[in-house]
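Q: How does the following fold in three dimensions:
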Amino acid sequence: MTTATPAWPGPWSSEINDIVKGNGALGPENGMVKKLSTEQRATITERGKELVASLLDPGVLAPEAKRILIRLHLDLIDAAAAQKPAIQKLMENPGYRPPSALHGTCYNAALELIVAKALWQTGHTEILPWPVEGTAAKPDFVIDGRHPSPTGHDDKSFYAACTVVADTLKVGGCKTVQDLVTGLVNGVTNKLGTYQGKTVGVVLEAADNPCLYEDGELRTDDEDIIDAFQARIEGLDAGIRQRLLFVHVVLPGAAVVTMDETAWQ
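A: Residues are numbered from 1 along each chain as shown. Next up is the predicted model:
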């Protein structure tokens with residue numbers, strides 16, 4: 001008997017709804033939101049509702065949610081700064097994110113949910129939200145079938161009991177391909193260093209990079225970037241590589257490039 005493929009949003013539903021509540025990343029009690037102006041907070045509320053609706057809808061692809069998040073980021077750019085010719089020139093590149101009143105931690109927390117949807121929509125439904133809240137180390141994801149039941153655990157004991165974890169990192173702002181490849185490699189080594197003693201899956205969100213565009217259009221040589229990245233991973237110490245379960249690289253348009261341990265053995 002085959003197991004039915006789970007339908008989005010599944011266990012991600014509460015994570016998505018909570019992002020605009022209380023101390024959620026776009027919630028009214030979040031300190032990074034509370035310090036903004038009344039008008040800015042109203043913009044976050046409006047766009048937050050749009051983002052949640054888009055994320056929850058299984059019929060809407062992940063890039064639409066990313067579009068809403070980028071729109072929110074751009075809505076909160078300082079109006080005077082946005083009129084500067086230098087900023088306007090930079091903004092001609094779709095991978096450039098100008099400074100915004102939307103704090104990076106808020107942007108990245110929303111981005112994590114967009115990444116989760118992108119992964120599910122490309123068949124990676126084994127990626128599940130971390131099920132225990134608390135102050136202990138908290139990766140973004142557990143892997144279906146490779147984690148203990150959270151029943152009877154607090155945050156610290158659950159983390160200790162997990163031998164396999166997965167986490168997201170945004171790699172952005174790279175102006176050259178070389179910088180992007182280095183950023184991707186550093187993302188992998190950063191997560192392996194953070195979760196010592198664990199087998200780690202790494203998800204790298206790499207869409208917000210000017211180097212991925214040329215004359216306003218998406219470059220067509222991203223395979224060369226991935227090949228260079230894989231070669232750098234293959235050059236890491238064998239003991240480090242043994243703990244790396246997979247790498248998902250999320251590119252513009254929520255395209256997901258996946259490498260598992262067979263790529264660097």
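Q: What ranges does the stretch 1-150 of the chain have for its helices?
A: Ranges of helices within the stretch 1-150 of the chain are 13-18, 31-34, 38-56, 62-75, 79-82, 85-90, 104-121, based on DSSP state H, counting those that start in this stretch.
Q: Determine which of these shows the lowest mean per-residue pLDDT.
A: Mean pLDDT values for the helices of the stretch 1-150 of the chain show the minimum at helix 79-82, a mean of 84.
Q: picking up where we left off before, quick one, which of the helices of the stretch 1-150 of the chain gets closest to T189.
A: Evaluated over those, closeness to T189 peaks at helix 104-121, with 19.0 Å, by Cβ to Cβ. Using the backbone N, CA and C atoms, a C-beta is placed for each residue, glycine as well.
Q: tell me the SS of L169?
A: Here L169 is recorded as strand under DSSP: H, G, I helix; E, B strand; the rest coil.
Q: Return the helix or strand in this structure with minimum mean pLDDT.
A: Using mean pLDDT, DSSP states H and E, the weakest-scoring helix or strand in the chain turns out to be helix 79-82, at a mean of 84.
Q: Nearest residue to V256 in space, ignoring adjacent ones along the chain?
A: Nearest non-adjacent residue to V256, counting by Cβ to Cβ, 6 or more residues apart in numbering: T122, 4.5 Å away.
Q: contacting residues for the residue nearest the centre of the chain?
A: Most central in the chain under Cα atoms, centre = their mean is E112, positioned 3.7 Å from the mean C-alpha point. E112 makes contacts with D140, T168, as judged by Cβ atoms under 8 Å, 6 or more residues apart in numbering.
Q: roughly how far apart are it and A62?
A: Distance of E112 to A62, given as Cβ to Cβ, to the nearest Å: 12 Å.
Q: Off-centre distance for the least confident helix or strand of the chain?
A: How far helix 79-82 lies from its chain's middle: 27 Å, per Cα atoms, centre = their mean, to the nearest Å.
Q: Pull the residues that contact it.
A: Contacts with helix 79-82, where a contact means Cβ under 8 Å, 6+ apart, come from I87, Q88, M91, P98, P99.
Q: dump the residue contacts of T194.
A: If you count contacts by Cβ under 8 Å, 6+ apart, T194 has them with A137, D167.
Q: Quick check: phi and psi at it.
A: Torsion angles at T194 (phi, psi; degrees, to the nearest 10) stand at phi -70, psi -40.
Q: Straight-line length of stretch 133-146, end to end?
A: Terminal residues of stretch 133-146 are spaced 19 Å apart (Cα to Cα, to the nearest Å).
Q: just stretch 245-262 next, same as before
A: 9 Å.
Q: for stretch 142-160, same thing?
A: Note: stretch 142-160 ends 13 Å apart using Cα to Cα.
Q: and V165, that one's in a strand?
A: Yes: V165: assigned to a strand according to three-state DSSP.
Q: close enough to count as contact, it and K198?
A: Yes: using Cβ atoms under 8 Å, V165 is in contact with K198, at 5.1 Å.
Q: Pick out whichever of these two has more residues nearby.
A: Set V165 next to K198 and count neighbours by other Cβ atoms under 10 Å: V165 wins out with 25 against 20.
Q: Quickly list what that one is bridged to.
A: Counting by DSSP bridges, V165 is bridged to V200.
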